[in-house]
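K.L.:
Dropping a prediction and its sequence here:
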Amino acid sequence: MTDPKSEQNTLSQSCCDDKTVQIMPGPMTNEPAEDIPCCGKPSYPESSPFEKPGYKLWPFVKNFMDTPIGPVPQVRTIPTWQDRVSTVITRMGIGRDHYTVSPGIYAAGQPGPEDPVLVTANFKLTFDALRKTLSGINAWILVLDTRGINVWCAAGKGTFATNELVLRIEKTQLAKVVQHRRLIVPQLGATGVSSIDVKKASGFKVIWAPVHVRDLRAFLDNDQRADKQMRQVTFSLPERLVLTPVEIYQLPKPTIIILIAIFILSGIGSRFFSISSAWSRGLIAAGAYLTGAIAGTVAAPALLPWLPGRAFAIKGAIIGVASAIIFLVIGYDSWEGLEALALLLFITTVSSHLAMNFTGSTPFTSPTGVEKEMRKAIPLQAAVVLIAAVVWVVTPFI
C-alpha cells in the first residue's frame, strides 16, 4: 500500500518546480481536488473583473460606477507612468494619429445627477489635459468622436461639431444620467458647434468653457462664468515650441529623398559624375538643408511674434535668409558666388516651407487664410528650389 503521507510529501517536493500542486482527495476526506500555489501567494496582480474578452482597460480607468445607463468608467485624475511616457512619445509625433480614447461618457470622482458635464475630444492628449485638472472635482466627461483630433482642429474639420455632439448625447443617454440640461463645451470648439442648434435638437444648453483647461477649476468655482482673461487665446513661447517635435518627426521621410537628390546633383560636373564632388559638395548642401530645417521648425516659431508680415511663408523666408547669411559667412571662402546664391535660395525655401506648417496651429490665421497662403506659397517655393538646383548643378561647368 502507498502511504498517503509519503505521497503528499512527494507532491510537496515537486511543487516548487511546477509552481502549483494539486492536492488529491485523501483516504479520510471527500474534499475535491484543488490547485493551490505551493511557494507562497502569487506576486502578479489579479485580473480586473471589468475586463471582457476582446476588451482591454486603459490604465487611466480605475473603477466603474453604477448609473441609470449602466456601468460608467471612472478615470484617474493623476497621470500614471504609462500616461507620461505615451505623452512624450505622442508629442514627438509617434503614433499621434491613433492616440485616441473611445467616445462616450466617463466619470471623474463620484459625480451625481446635478454635477457638470464637460465635453471634449477623443484625442487622448486632449482627454488627459482635461481629466488632470479634475482632481477633487465630481464631473461627467462626454467624449466626442473627433477621429483622434484635438478640439480646435476638429472644430475646423467638422468632427467636433453640432451633429456629433447631439448624436453623442443620444447614444450615451445623457438625459438619464443628469437631471440638469447644461453642457460645458470648450471655447475653441465654437467654430464647429452651434449652441442654438444643440438646444433645439437635444434640449441641452451649451455653456462655453475657458480657452485654457488650466482655468477650468476657477471657472467652475465662479458659477461657470469666465472672466475676460479666460476668453483670451494665447500663443506663448512654450505653446509654440511644443509643436516643434511633431514637425521634426515628420522630416525623416522627405529628408532621405532630399539628401539622395542633393548628393546626386552635387556629383554632376564636367566629368559627367564625380563621387568625390558628390561627397564634398553634397555635405555642404546637406548642411544648408539642416540649417533651413532648424530655421523653419525652431527659430521661426520661437521668433514668430517679432517676424514681420502675416503670412507664415514670409516669416519663414525672413528667418531663412538670416540663417543662410550666417551659414554662408561661416564657410564663404570655400564657395563660389553662384554656389552661395544656390545655397541662399535653398535655405530660405526650406525654412519658408517648414514655417508654413505652423500656420494652422496658431490663432493668427483662419482655415481659409491657411488655404489661400498655401495656394500662393507652395508653387513659388517649388520654383525657387528648382532655380537653386539648376544653379547648383551648372556651377561646376562655369
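P.N.:
Looks like it came in fine.

K.L.:
tell me the contacts of Ser195?
P.N.:
By CB atoms under 8 Å, 6 or more residues apart in numbering, the residues touching Ser195 are Val185, Lys205, Val206, Trp208. For glycine as for every other residue, the C-beta is placed from the backbone atoms N, C-alpha and C.

K.L.:
let's go with 7 Å and repeat that
P.N.:
Val206 (CB atoms under 7 Å, 6 or more residues apart in numbering).

K.L.:
what do you get for Trp58?
P.N.:
Contacts of Trp58 were listed using CB under 7 Å, 6+ apart, and they are Val101.

K.L.:
rerun at 10 Å
P.N.:
By CB atoms under 10 Å, 6 or more residues apart in numbering, the residues touching Trp58 are Pro73, Val75, Arg76, Thr80, Gln82, Asp83, Val101, Ser102, Lys124, Phe127.

K.L.:
next one: Gln187
P.N.:
Val151, Trp152, Trp208, Ala209, Pro210, Val211, His212, Ala226, Met230, Arg231, Val233.

K.L.:
Helices - which of the residues you listed land there?
P.N.:
Counted as lying in helices by DSSP state H, out of the contacts of Gln187, are Val151, Trp152.

K.L.:
most surrounded residue in the contacts of Gln187?
P.N.:
Neighbour tally across the contacts of Gln187 (other CB atoms under 10 Å): the maximum, 29 neighbours, falls on Val151.

K.L.:
from memory it sits against Ala161, does it?
P.N.:
No. Using CB atoms under 10 Å, Val151 is not in contact with Ala161; the gap is 11.1 Å.

K.L.:
Could you tell me which residues touch both of those two?
P.N.:
Leu144, Gly189, Thr191, Gly192, Val193.

K.L.:
Show the contacting residues for the third one.
P.N.:
So the one you mean is Thr191. Listed by CB under 10 Å, 6+ apart, the contact partners of Thr191 are Val151, Trp152, Ala154, Ala155, Gly156, Gly158, Phe160, Ala161, Ser366, Pro367.

K.L.:
Try it again at 6 Å.
P.N.:
Ala155 (CB atoms under 6 Å, 6 or more residues apart in numbering).

K.L.:
would it count as being in a helix?
P.N.:
No. Under DSSP: H, G, I helix; E, B strand; the rest coil, Thr191 sits outside any helix and is assigned coil.

K.L.:
I'd like to know how far it sits from Thr80.
P.N.:
Distance from Thr191 to Thr80, counting by CB to CB, to the nearest Å: 33 Å.

K.L.:
quick one on the thing from earlier: and of the contacts of Gln187, the nearest to Lys376?
P.N.:
Using CB to CB, Trp152 comes nearest to Lys376 of the contacts of Gln187, at 24.1 Å.

K.L.:
could you list every residue that touches the closest one?
P.N.:
Leu188.

K.L.:
quick one: which of the contacts of Gln187 sit in strands?
P.N.:
Residues from those lying in strands, with DSSP state E as the criterion: Trp208.

K.L.:
returning to that earlier point: can you tell me which two in the shared contacts of Val151 and Ala161 are farthest apart?
P.N.:
Among these, Leu144 and Thr191 lie farthest apart (CB to CB), at 14.3 Å.

K.L.:
Show me which pair in the contacts of Trp58 is furthest apart.
P.N.:
Among the contacts of Trp58, Thr80 and Ser102 lie farthest apart (CB to CB), at 17.8 Å.

K.L.:
For the closest residue to Gln224 other than its chain neighbours, report the pLDDT, please.
P.N.:
Leaving aside its sequence neighbours, Gln224 sits nearest to Ile207 (CB to CB, 6 or more residues apart in numbering; 5.6 Å). Note on Ile207: pLDDT of 93.

K.L.:
thinking again about what came up before, quick one: which of the contacts of Gln187 is nearest Ala377?
P.N.:
Ala377 has its nearest neighbour among the contacts of Gln187 in Trp152, at 22.4 Å by CB to CB.
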